[in-house]
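# My questions concern the predicted model and sequence given below.
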Amino acid sequence: MPATRPPEEGVGNDADAAAACLACWADALRAATLLAVDPHGLGGAVITAGHGPVRDGWLAALRASLPSASPVRRVPLHAGDDRLLGGLDLAATLAAGKPIAQRGLLAEADGGVLVLAMAERLSEATAARLSAALDTGEVTVAREGLELRQPARFGVVALDERVADDDRPPVRLRERAAFHIDLATIGLRELDALPPAGMDVAAARARLAEGVAVDDEAFTALAAAALALGAGSTRAEWLALRAARAAAALDGRDAVEPDDLALAARLVLAPRATRVPTTVNETQPDEPTPEDPPHGQADASAPAPPPPPANQATEPQDATPEALPTDEQPLHDLLLAAARAAMPAGVLARLAMERAGARQPGTGAGGRAGAGREGRLRGRPLGARPGAPRDGARLALIDTLRAAAPWQALRRRERGIASGNARIVVRPADFRITRLRLRSETTTIFAVDASGSSALHRLAEAKGAVELLLADCYVRRDRVAVVAFRGRSAQLLLAPTRSLVRARRELAALPGGGGTPLAAGLDAAGEIARAARQRGGTPVVVVLTDGRANVARDGQGGRAQADADARASARRLRAEGITALLLDTSPQPQTLARELAAAMGAGYLPLPRADALEVSQAVQAAARTGRGL
């Protein structure tokens with residue numbers, strides 16, 4: 001989008017802003033026309049705008065530019081593989097008694113465009129299928145007794161309705177889309193502007209198919225401009241080249257000219273810029289150097305420059321690459337100037353800060369809402385798999401019929417059933433059950449050794465780790481519990497909770513000292529973990545100890561019996577498949593703690609000088625992997 005320079009007086013502010021918005025809308029309409037000329041070659045467009053008349057106006061302009069035979073298909077957010085890729089037509093197959101294929105949305109959009117609603121919520125699996133079709137120009141289906149290969153040369157229009165900067169369409173789609181258009185600044189007044197008249201898209205497509213020439217200098221200039229702008233992927237310069245060829249074909253030319261390259265730089269390269277572009281003129285110092293005399297003064301020791309020839313005009317001293325005529329301006333600088341003109345001043349400032357190393361707000365990764373696991377009765381559908389509908393599993397009726405449909409003619413002949421009979425023969429091998437993905441909360445159980453003289457140090461680590469983990473509970477749906485063991489028994493200090501205030505209050509007054517009933521602490525942590533698992537959660541047990549048990553399970557002293565009981569409790573946790581992590585809090589790593597971790601099937605991490613942040617990172621790593629480190 002063109003940059004706007006703040007006026008010196010308030011009178012021209014509205015006029016300049018309106019002119020800038022009108023130029024942005026003109027570029028958006030120009031991009032729609034180019035996409036209609038070469039939808040598959042340009043990949044598509046990412047439209048950042050909420051639902052409203054502006055976005056609807058751009059889509060209407062795209063549909064008006066497309067030839068009448070070019071299809072436009074809208075892809076629902078949760079479209080399955082059957083609708084997206086195609087496959088077995090169940091009704092036709094059951095009626096005919098033989099496999100009948102149906103086309104998916106990708107094949108139906110051949111020669112046109114696909115419109116993705118809420119593209120920022122698109123799954124990576126769907127994005128991968130779309131990207132494969134964009135790369136190959138065809139869709140391949142090999143399942144359910146079918147093997148199809150259909151042409152699918154289309155462009156994708158990804159409607160980005162994100163609220164936060166972190167919610168964006170998948171990277172693989174953004175890289176393959178030539179145009180990234182932000183319609184947030186466009187108002188209703190600009191909608192009166194229509195696409196340029198007199199443009200024959202069908203003739204431009206034919207001219208583009210015959211070939212539009214591009215010389216090596218143009219391609220080199222595009223590559224240099226992409227490098228100067230930090231466009232990253234080499235797809236950027238390739239898409240810019242395709243846009244320049246489409247622009248030349250649309251204007252009725254058989255060769256790309258500098259104006260086409262400048263348009264491509266403005267529409268394709270500028271939105272991908274990651275650093276501020278500089279021209280040769282900007283790299284020269286503006287201030288006089290010690291060797292240069294101040295402005296308006298002459299150096300008496302320096303010889304005067306020779307006068308220019310009489311038949312040669314004097315070149316102005318303040319000439320810049322932008323001020324030179326187009327035929328005399330270097331092509332590389334022309335493309336950079338066009339790209340820079342399409343970048344608003346705010347974007348230039350942000351890119352300058354990023355290049356200086358400043359971290360922008362809102363660039364962090366979002367939290368994950370709990371651990372994922374397979375559910376039986378509830379959750380998000382993930383398709384179907386072969387299996388019998390037992391133990392609460394749900395029968396996927398449509399998928400079962402789809403698996404049985406190709407074999408109906410053979411099975412009817414085997415059983416002597418007339419071909420006109422509507423009876424369907426289903427065998428156990430055809431059964432499909434529904435796969436469900438369920439997000440479950442994670443319960444982190446800290447079992448803290450509060451015995452001995454260094455108990456206060458270990459409790460401080462636990463308190464800091466609990467506070468750091470609770471800070472993410474709002475987005476991760478985690479719960480935290482704390483079990484302290486000292487003297488002759490274990491004590492549930494903090495039941496599973498998300499309350500940071502309660503955690504601080506309960507941990508504040510915990511005393512230390514006494515014996516080490518390690519077995520009792522492991523048993524108490526195991527009971528909480530089993531209860532969390534019964535509620536459908538994912539438990540993670542974190543044990544902070546040096547492994548030196550001296551109190552047995554019955555409360556009696558004796559290191560030998562206490563160590564045996566602790567190992568038995570650890571083996572029970574391992575047998576039940578409870579994820580665990582042992583943090584060795586000894587000043588030096590101990591063999592006893594390492595052996596206890598092995599018996600528990602837990603990750604072992606020596607923390608002679610642990611802090612709260614290190615404990616929190618270790619716990620989160622264990623929860624992500626579903627096992628120890």
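Looks like it arrived, so ask away. Numbers count the residues shown, from 1 in each chain.
# where does this structure have its least confident helix or strand?
In the chain, the helix or strand scored least confidently by mean pLDDT, DSSP states H and E is helix 345-355, which has a mean of 46.
# I'd like to know how far Phe446 sits from Phe485.
According to CB to CB, to the nearest Å, Phe446 and Phe485 sit 11 Å apart. The C-beta positions use only the backbone N, C-alpha and C, and glycine is treated the same way.
# likewise Ala127?
From Ala127 to Phe485 the distance is 49 Å (CB to CB).
# Comparing the two, which shows the higher neighbour count?
Taking other CB atoms under 10 Å, Ala127 and Phe485 do not tie; Phe485 has more neighbours (30 against 21).
# The more buried one: what secondary structure?
Secondary structure, DSSP: H, G, I helix; E, B strand; the rest coil: Phe485 is strand.
# What's opposite it in the beta bridge?
Note on Phe485: beta-bridge partners by DSSP bridges are Asp449, Ala490.
# which regions of the stretch 301-450 of the chain lie under the pLDDT threshold?
Within the stretch 301-450 of the chain, the stretches falling below the threshold (pLDDT under 70) are 301-336, 338-383, 390-392, 419-422, 437-440.
# domains in this protein, as residue ranges please.
The chain breaks down into these domains under automatic domain parsing: 1-193, 200-279+327-357, 371-438, 441-625.
# weakest of these in terms of mean pLDDT?
Note on the domains of the chain: lowest mean pLDDT is at domain 371-438, with a mean of 73.
# what about stretch 30-47, start to end distance?
Its first and final residues considered, stretch 30-47 spans 14 Å by CA to CA, to the nearest Å.
# can you check stretch 111-129 too?
Distance across stretch 111-129, first residue to last, is 18 Å (CA to CA).
# what does it contact?
Contacting residues not belonging to stretch 111-129 are listed as 35, 39, 44, 46, 59, 62, 66, 69-77, 79, 81, 84-85, 105-106, 130, 153-162, 167-170, 172-173 [CB atoms under 8 Å, 6 or more residues apart in numbering].
# List buried members of these by neighbour count.
Using 16 or more other CB atoms under 10 Å as the burial test, the contacts of stretch 111-129 include 35, 39, 44, 46, 59, 62, 66, 70, 73, 75, 79, 84-85, 105-106, 130, 153-161, 168-170, 173 as buried.
# Among these, name the ones in helices.
Among the buried ones among the contacts of stretch 111-129, DSSP state H puts Leu35, Pro39, Leu59, Leu62, Leu84, Leu85, Leu105, Leu106, Leu130, Leu173 in helices.
# Skip the chain neighbours and tell me the closest residue to Glu147.
Once flanking residues are discounted, Glu147 sits nearest to Val141: 7.2 Å by CB to CB, 6 or more residues apart in numbering.
# So what does the one you found look like in phi/psi?
Per-residue torsions, Val141: phi -120, psi 120 (degrees, to the nearest 10).
# got the contact list for it?
So Val141 contacts Leu85, Gly86, Gly87, Ala101, Gly104, Glu147, Leu148, Arg149, Gln150 (CB under 8 Å, 6+ apart).
# Return the residues in contact with the fifth one.
Gly104 makes contact with Asp82, Arg83, Leu84, Leu85, Gly86, Gly87, Val139, Val141, according to CB under 8 Å, 6+ apart.
# From Phe154, how far out is it?
Look at Gly104 and Phe154: by CB to CB, they are 12 Å apart.
# Likewise for Val480?
Val480 is 49 Å from Phe154, where distance means CB to CB.
# Same check on Thr48?
When distance is defined by CB to CB, Thr48 is 21 Å away from Phe154.
# Over to Arg63?
For Arg63, the distance to Phe154 (CB to CB) stands at 14 Å.
# hang on, isn't Asp27 packed against Ala264?
No - in this structure, Asp27 is not within contact of Ala264 by CB atoms under 8 Å, at 11.6 Å.
# quick one, which of the two is more surrounded?
Ranked by neighbour count (other CB under 10 Å), Asp27 and Ala264 place Ala264 first, with 31 against 19.
# residues in contact with the more buried one?
Leu222, Ala240, Leu241, Ala243, Ala244, Ala247.
# Go again with 10 Å.
Listed by CB atoms under 10 Å, 6 or more residues apart in numbering, the contact set of Ala264 reads 34, 178, 218, 222, 225, 237, 239-248, 256, 270, 335, 338-339.
# These in strands, which ones?
Nothing among these maps onto strands, per DSSP state E.
# Just the buried residues out of the residues you listed, in ChimeraX syntax.
Buried residues within the contacts of Ala264, by 16+ other CB under 10 Å, are selected in ChimeraX with:
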select :34,178,218,222,225,237,239,240,241,242,243,244,245,246,247,248,256,270,335,338,339
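# What is the burial count for the closest residue to Gln150 other than its chain neighbours?
Leaving aside its chain neighbours, Gln150 sits nearest to Ala107 (4.1 Å; criterion: CB to CB, 6+ apart). By the criterion of other CB under 10 Å, Ala107 has 22 neighbours.
# Then Ala388?
As a burial measure, Ala388 scores 11 neighbours (other CB under 10 Å).
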